[in-house]
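S.K.: Sequence and predicted model, in that order:
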Amino acid sequence: MVMLHLFREAGYDVGVAHCNFQLRNNDSDDDEDFVTHYCEQAKIKFFTQRFDTKNYAEEKRISIQMAARDLRYDWFDVLMNEANYHWLATAHHLNDNLETVLSRWTKGASLDLLKGIPIKNEKVVRPMLFATRDEILSYATDHNIPWREDKSNAMDDYQRNFIRHQIVPRLKEINPSLEDTFNNSLEKINGAYELMQRGLGQLKDSITRSEGERLYIDKNLLMLLQHPVFICYELLRTFGFDWDRCSQLIGAIGSQPGKQFSSSTHIAVIDRDYILVSLKQEMLTEVLIEEGQDKVALGPWILKLKSAKGKSIQTKRDNGTFDLGKIKFPMLWRKWKHGDSFSPLGLGHSKKVSDFLIDEKISLSDKSDITVVESGGEIVWVVGHRVDDRYKVTAQTKAVLEMNVAHI
């Protein structure tokens with residue numbers, strides 16, 4: 001109500017959106033009636049919406065608080081588009097910010113969350129964050145601004161209310177100017193965070209490199225830092241890695257290469273010199289290649305096939321050329337596995353695929369992407385790396401089969 005008063009005093013064209021979550025019986029309806037009548041008398045554009053919040057929370061299996069948040073912000077988005085409003089103002093104040101930060105701190109939040117509630121976040125603005133709850137109440141009294149108190153604010157059923165009624169008063173016994181001190185601390189934290197982000201950007205340039213969707217972190221340079229877990233977390237949090245997983249990863253760096261750590265979307269592999277971070281590949285299935293087929297897909301790759309008369313050979317890395325007369329259909333395209341062996345072109349004898357990949361210095365992360373093509377139970381191609389000597393093109397070849405692999 002104070003925020004609405006201030007907007008009108010400043011001459012802004014505003015509307016009011018009221019949500020009735022139907023959680024407090026008559027009190028919810030009385031709140032709606034109060035705001036409705038106030039806006040009618042003041043000739044303020046007014047919008048209201050009722051929500052079946054409890055059923056929504058049960059259906060989505062989320063808390064009542066989260067359900068109410070989802071419902072109101074979804075409606076706000078629709079309302080702003082339909083009524084052509086540019087900004088959504090909420091009346092969070094300094095004490096709300098204090099309670100939010102204390103709650104996050106007790107749960108081990110990351111530094112960006114300890115910066116507090118942002119004054120501006122896309123189209124949402126919070127112009128009252130400068131004022132304490134007492135200052136707002138005093139202003140409302142001095143200017144005869146009516147309001148209604150949510151009775152649930154007096155209960156300790158919610159964590160925020162427990163912090164409000166039990167924790168903050170005890171802290172104010174230590175520091176009566178808690179709100180002012182907190183506000184100053186937020187300024188320091190936000191400043192430190194800005195400096196950290198700039199420094200982190202420079203550090204990222206020096207210890208990481210990207211190749212496509214893959215990130216390489218120099219693990220030796222990372223371990224020279226005094227707080228490698230924190231740096232690892234800041235580098236990997238956007239890939240879904242939490243603090244505990246990053247702590248486990250750093251703890252495993254001194255062990256044998258090959259350990260893997262996963263988030264919901266990415267995988268981090270500790271290699272010889274690097275931590276390699278890449279998207280999780282979908283589970284690969286075996287794909288049959290029938291005679292005459294010109295294209296097949298396996299996971300994120302596509303294999304194109306073409307037969308031709310003659311003995312011409314494509315020498316590019318992603319191409320394989322084979323004696324068509326020796327090929328037996330259907331062929332099988334699959335992910336390589338331990339125990340596989342083939343006869344690498346030019347070697348003259350059989351070799352395990354695992355040993356071949358070591359000789360080729362294929363990284364641990366890249367090994368997970370290696371596939372093979374079989375004909376008659378024999379590997380004819382370690383895809384993108386080496387043709388089998390038994391299926392090579394010779395002077396006796398009458399027709400060839402060309403295969404080309406590419407990432408979709």
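M.R.: Nice, I can see it.

S.K.: so who does residue 370 touch?
M.R.: Taking Cβ atoms under 8 Å, 6 or more residues apart in numbering, we find residue 370 in contact with 335-336, 353, 357, 362, 382-385. For the C-beta atoms, the positions are set from N, CA and C on the backbone; glycine is no exception.

S.K.: the strands in the stretch 1-150 of the chain, which residues?
M.R.: Counting by DSSP state E, counting those that start in this stretch, the stretch 1-150 of the chain has strands at residues 15-20, 45-50, 88-89, 120-121, 124-125.

S.K.: now these in JSON lines, with distance to residue 223?
M.R.: Below are the strands of the stretch 1-150 of the chain laid out as JSON lines (distance: least, Cβ to Cβ, whole Å):
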{"stretch": "strand 15-20", "distance to residue 223": "51"}
{"stretch": "strand 45-50", "distance to residue 223": "54"}
{"stretch": "strand 88-89", "distance to residue 223": "46"}
{"stretch": "strand 120-121", "distance to residue 223": "36"}
{"stretch": "strand 124-125", "distance to residue 223": "41"}
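
S.K.: wait, which of those strands is closest to residue 287?
M.R.: strand 120-121 (46.3 Å; Cβ to Cβ).

S.K.: Which strands and helices lie in contact with the closest one?
M.R.: Helices and strands touching strand 120-121, as assessed by 3 or more Cβ pairs under 8 Å, 6 or more residues apart in numbering; DSSP states H and E, are absent.

S.K.: picking that back up, which among the strands of the stretch 1-150 of the chain is found nearest to residue 153?
M.R.: Closest to residue 153 of the strands of the stretch 1-150 of the chain is strand 15-20 (Cβ to Cβ; 16.3 Å).

S.K.: so which of the strands of the stretch 1-150 of the chain gets nearest residue 214?
M.R.: That would be, of the strands of the stretch 1-150 of the chain and by Cβ to Cβ, strand 120-121, which comes in at 31.3 Å.

S.K.: Tell me which of the contacts of residue 370 fall in helices.
M.R.: Using DSSP state H, 353, 357 are the members of the contacts of residue 370 that sit in helices.

S.K.: Can you flag the buried ones in the contacts of residue 370?
M.R.: 335-336, 353, 357, 362, 382-385 (16 or more other Cβ atoms under 10 Å).

S.K.: returning to that earlier point: rebuild the contacts of residue 370 as JSON lines, extending it with pLDDT and distance to residue 17.
M.R.: As requested, the contacts of residue 370 are exported to JSON lines (pLDDT from 0 to 100; distance: Cβ to Cβ, whole Å):
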{"residue": "335", "pLDDT": "91", "distance to residue 17": "53"}
{"residue": "336", "pLDDT": "93", "distance to residue 17": "58"}
{"residue": "353", "pLDDT": "96", "distance to residue 17": "63"}
{"residue": "357", "pLDDT": "94", "distance to residue 17": "60"}
{"residue": "362", "pLDDT": "88", "distance to residue 17": "58"}
{"residue": "382", "pLDDT": "97", "distance to residue 17": "62"}
{"residue": "383", "pLDDT": "96", "distance to residue 17": "57"}
{"residue": "384", "pLDDT": "93", "distance to residue 17": "57"}
{"residue": "385", "pLDDT": "94", "distance to residue 17": "61"}
